[in-house]
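In: heads up, no residue letters with this:
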C-alpha cells in the first residue's frame, strides 16, 4: 500500500533528473551505511529493507511494493539505516535527495504524502515488533495476514516470496507451509496458484 501519487510526484521533475533502474531478484539496491544521495521509489516489484544480525540472520523491517518509496527516512539521514534487496525482479526510479526536498517545500501536498508514508512505516515497525513476541506460528502468520488485509491486501502473492516472508516473520519455510495448511483447513484462508486469500 502507498499514499503516494507517484505519477504526480515524478511529473514534478525533469525527465533527465529521474533515473530508472531494473534489479533482479536477490540483487542489492543499496547497503546499510551507504550515502543517502538518492531516494528510490518502486515502479514494479518488491524490495525488502533489512539488517543482518551477528548470526547472519536477516531482520526484515518492511517491504516496499509498487508505488512506494523505498526509504523515506533517507531524506533526513546521511547514511542508509538498512540494506535494500529485491525480493522479485523489480523496476525502480530515483531522484536526488536535495531535489526531492525542494519539491516538498514548493508542493506541500507531496510532503503530506511523504510524511503519511513515514507514519505507515512506523506503524508497520510496531506491528512487526508485536509479531515477534507471538510464539505460535499459526497465530503469527494470521496476525500478519490480517495486518496486510487492513492495508487493502486481502490477497497475498507468495510466488517467489516465501523465503523473504519467512525472514520477515522469523519463520522457516517449513513452518509457514505447515501453518498455511492448518489455516486453510480451519477455513480462514484459501490457497490458489501461489497466492493466499484471507477469508475472515
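Out: Nice, I can see it. Model, not experiment: these values are computed from the prediction.

In: Correct me if wrong: residue 83 contacts residue 31.
Out: Yes. Using Cβ atoms under 8 Å, residue 83 is in contact with residue 31, at 5.0 Å. Heads up, the C-betas are built off the backbone N, CA and C, glycines and all.

In: got any ranges where the chain has weak pLDDT?
Out: 1-5, 200 (pLDDT under 70).

In: Comparing residue 83 and residue 31, which residue is more hemmed in?
Out: Comparing residue 83 with residue 31 by other Cβ atoms under 10 Å, the one with more neighbours is residue 83, at 18 against 12.

In: residues in contact with that one?
Out: Applying Cβ atoms under 8 Å, 6 or more residues apart in numbering, we find residue 83 in contact with 28, 30-32, 49-52.

In: try 10 Å this time
Out: Shown here is residue 83, whose contacts under the criterion Cβ atoms under 10 Å, 6 or more residues apart in numbering are 28-34, 48-52, 58.

In: From residue 34, how far out is it?
Out: When Cβ to Cβ, to the nearest Å is the yardstick, residue 83 and residue 34 sit 9 Å from each other.

In: So for these two, which residues contact both of them?
Out: Common neighbours of residue 83 and residue 34, counting by Cβ under 10 Å, 6+ apart, are residue 28.

In: quick one, helices of this structure?
Out: Per DSSP state H, the chain has helices spanning 6-11, 97-106, 108-131, 137-150, 162-169, 173-185. These are given in chain order.

In: what's the angle from the third one to helix 137-150?
Out: Spelled out, it's helix 108-131. Helix 108-131 runs at 170 degrees relative to helix 137-150, counting by axes from the mean of the first three to the mean of the last three Cα atoms, to 10 degrees.

In: In helix 108-131, which residues are buried?
Out: Across helix 108-131, burial judged by 16 or more other Cβ atoms under 10 Å covers 110, 113-114, 117-118, 120-121, 124, 127-128, 131.

In: Out of those residues, which comes closest to residue 190?
Out: For these, the minimum distance to residue 190 (Cβ to Cβ) is 22.1 Å, reached by residue 131.

In: so residue 117 touches residue 72, yeah?
Out: Yes. Taking Cβ atoms under 10 Å as the definition, residue 117 is a contact partner of residue 72 at 5.6 Å.
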